[in-house]
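Q: Could you look at this predicted model? Sequence included:
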Amino acid sequence: MTMTDPTTAAHSSVAVPRVAFPPGFSWGAATAAYQIEGAAAEDGRTPSIWDVFAKTPGKVLNGDTGDVAVDHYHRFREDVRLMADLGLTSYRFSLSWPRIQPTGRGPAVERGLDFYRALVDTLLEHGISPVATLYHWDLPQDLEEAGGWPIRETAYRFAEYAALAAGALGDRVPVWTTLNEPWCSAFLGYGSGVHAPGRTNPADALKAAHHLNLGHGLAVGALREVLPASAKIAVSLNLHLVRPLTDTPEDREAARRIEAVGNRVWTGPMFKGGYDEDLKADTAHLVDWDELVRPGDEAEIGRPIDLLGLNYYNPTVVSAPRDNAETAEAARNDGHGDSEFSCWPGSEDVVFHLANDDVTAMGWPIDASGLVDSLVGMHRDFGLPLLVTENGAAFEDVVGPDGEVDDPERVRYVELHLQAVADAIAAGADVRGYYLWSLLDNFEWAYGYSKRFGIVHVDYDTQQRTPKTSARWYAEVIRRGGLA
Ligand code: FCB
């Protein structure tokens, strides 16, 4: 898939008027279990790969862990009231696999399911439609010790867990997503090692990618058997909006490579019948694709789904290696954390450049034109109804003397990106909802609690929640049904 015409590299070419959002558009916010729940050892939950990784010295900034996080496990009623006060019509959260099926095998634990039953019931009482993600990166550690995503068995374990979760919650959760950003699970988890489980083997990363795909397909099959016919199934992908730095054949080749191993590794088998030949050729020295992909796998992965979720933060600008001092620095600058190992197996030499220097606290460039191009390209290439399942920004928020948190940069970021969604809709993309990342400040993976993405501030000492200016602004957008 080419998501943008590489010959018009710099900016979106989609020129459209401001439009209102369609009726029934979902106005949401998103979170993930390990980032907010805490209660890591309660009610039968066992460690996930993130518990173990976070407790490994040097892996997470300041040694932060999700042991307590923002204590959502005990404060979910207060958090749902906050969502209701903001007027959210939908809420995207993830289910913790080791809370529901400790060790990744055997029957479900009722106490774990009870937490999600109570959460979902509370959402429904407030008129907030739940969207449940089955896997937002917290593989039971026992399954990692048995081989993790690089082994095929894990895909089957995932489908079994999906059936258990759907059996318990399927009567009240209308939208299910299988995986969140499998690119991160495979390539940050097993390639660069900056995410759990912290392995650094390019062949394992590619095997993990295939088994995540297979797990998705098997889970879709299992969910269809268990869920009511009205339920919708989705996946959330962080498809990279790749732009070549220049129009030279070398830079366009770099863009092709990153699109292959960043995007088409998922969308090929999910929506186009199989893995593309160029992806397999780029990585043939690392894995034997004929052995890895068994007959029938691609058909399994390609089971139809109902909605496609995009997580978008920034565009990705790439070039061929440049013979200058910048190169060594820039080569690592792909926005995903420092590692001497690459998260781009087979394309380790590609150089990453900042799209511009207007950046968030993560160092991620702010460029909403990439969201327009992504949504329009996904609509054109896959023809599915779309959700923006994540979009948002970290900034250095300051609590004022009056206790308020004024975050005009976040308001600006979200406004630019909501306008981009409206532009994509005006250009014909069927976008059904927007989920702001994130409702609450939370555990930002390898950055621990140092990066705040919430529209609601959390004091990590007292767990006090304070809606920021952006929360009040978003509530107003929702009340109006769009931008002013
Ligand atoms: C995405 C993750 C989400 C959050 C945001 C900032 O990659 O899905 O959990 O960390 O980035």
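A: Nice, I can see it. Residues are numbered from 1 along each chain as shown.

Q: Point out the residues in the stretch 351-484 of the chain that sit beside the ligand.
A: Neighbours of the ligand within the stretch 351-484 of the chain, by C-beta under 6 Å from any ligand atom: Glu390, Trp437, Glu444, Trp445, Phe453. Backbone N, C-alpha and C define where each C-beta goes, glycine included.

Q: what ranges do the strands span in the stretch 201-350 of the chain?
A: Taking DSSP state E, counting those that start in this stretch, the strands of the stretch 201-350 of the chain run over residues 232-237, 242-244, 307-311, 316-319.

Q: Now the second one: average pLDDT?
A: Okay, so that is strand 242-244. Confidence over strand 242-244, taken as the mean pLDDT, stands at 98.

Q: what helices or strands is that strand leaning on?
A: Contacts defined by 3 or more C-beta pairs under 8 Å, 6 or more residues apart in numbering; DSSP states H and E place strand 242-244 against helix 249-259, strand 316-319.

Q: Out of the ones you listed, which one sits most buried?
A: Each of these was assessed for mean neighbour count using mean count of other C-beta atoms under 10 Å. The highest is strand 316-319, with a mean of 24.

Q: picking that back up, now the residues of the stretch 351-484 of the chain next to the ligand as TSV including pLDDT and neighbour count?
A: Written out in TSV, the entries for these read as follows (pLDDT from 0 to 100; neighbours: other C-beta atoms under 10 Å):
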residue	pLDDT	neighbour count
Glu390	98	25
Trp437	98	25
Glu444	98	20
Trp445	98	26
Phe453	98	26
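
Q: Phe53 against Arg199, yeah?
A: No: using C-beta atoms under 8 Å, Phe53 is not in contact with Arg199; the gap is 10.3 Å.

Q: Compare those two (neighbour count), which wins?
A: Neighbour totals were compared for Phe53 and Arg199, and Phe53 leads with 24 against 20 (other C-beta atoms under 10 Å).

Q: State the helix or strand in which the more buried one lies.
A: When secondary structure is defined using DSSP states H and E, the element that contains Phe53 is helix 49-54.

Q: what's the lengthiest helix in the chain packed up against?
A: Using DSSP state H, we find that the single longest helix of the chain is helix 202-226. Helices and strands touching helix 202-226, by 3+ C-beta pairs under 8 Å, 6+ apart, are helix 153-169, strand 175-180, helix 182-183, strand 232-237, helix 265-271, helix 289-292, helix 297-301.

Q: Redo those as a markdown table? Include distance to the ligand.
A: As requested, the helices and strands packed on helix 202-226 are arranged in a markdown table below (distance: least, C-beta to the nearest ligand atom, whole Å):
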| stretch | distance to the ligand |
| --- | --- |
| helix 153-169 | 17 |
| strand 175-180 | 5 |
| helix 182-183 | 9 |
| strand 232-237 | 8 |
| helix 265-271 | 14 |
| helix 289-292 | 25 |
| helix 297-301 | 21 |
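
Q: Could you dump these into a markdown table and include mean pLDDT and mean neighbour count?
A: Conversion of these to a markdown table gives the following (pLDDT from 0 to 100; neighbours: other C-beta under 10 Å):
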| stretch | mean pLDDT | mean neighbour count |
| --- | --- | --- |
| helix 153-169 | 98 | 21 |
| strand 175-180 | 99 | 26 |
| helix 182-183 | 98 | 26 |
| strand 232-237 | 99 | 23 |
| helix 265-271 | 99 | 23 |
| helix 289-292 | 98 | 13 |
| helix 297-301 | 99 | 20 |
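
Q: Nearest to Arg75 among these would be which one?
A: Ranking the helices and strands packed on helix 202-226 by proximity to Arg75 (C-beta to C-beta) places helix 153-169 first, at 20.4 Å.

Q: Please write out the alpha-carbon positions of that closest one in CSV.
A: Extracted C-alpha coordinates of helix 153-169, given in CSV (Å, rounded to 0.1, in the frame of the first residue of the first chain):
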residue,chain,number,x,y,z
GLU,A,153,1.5,-21.8,19.9
THR,A,154,1.0,-18.2,21.3
ALA,A,155,-1.4,-17.4,18.5
TYR,A,156,-3.7,-20.3,19.5
ARG,A,157,-3.4,-19.3,23.2
PHE,A,158,-4.5,-15.8,22.2
ALA,A,159,-7.6,-17.0,20.3
GLU,A,160,-8.6,-19.1,23.3
TYR,A,161,-8.3,-16.1,25.6
ALA,A,162,-10.3,-14.0,23.2
ALA,A,163,-13.2,-16.6,23.3
LEU,A,164,-13.1,-16.6,27.2
ALA,A,165,-13.3,-12.8,27.3
ALA,A,166,-16.0,-12.5,24.6
GLY,A,167,-18.0,-15.3,26.3
ALA,A,168,-18.1,-13.2,29.5
LEU,A,169,-18.5,-9.7,28.1
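
Q: which strands and helices sit next to that helix?
A: For helix 153-169, the packing partners by 3+ C-beta pairs under 8 Å, 6+ apart come out as helix 97-100, helix 110-125, strand 129-135, helix 202-226.
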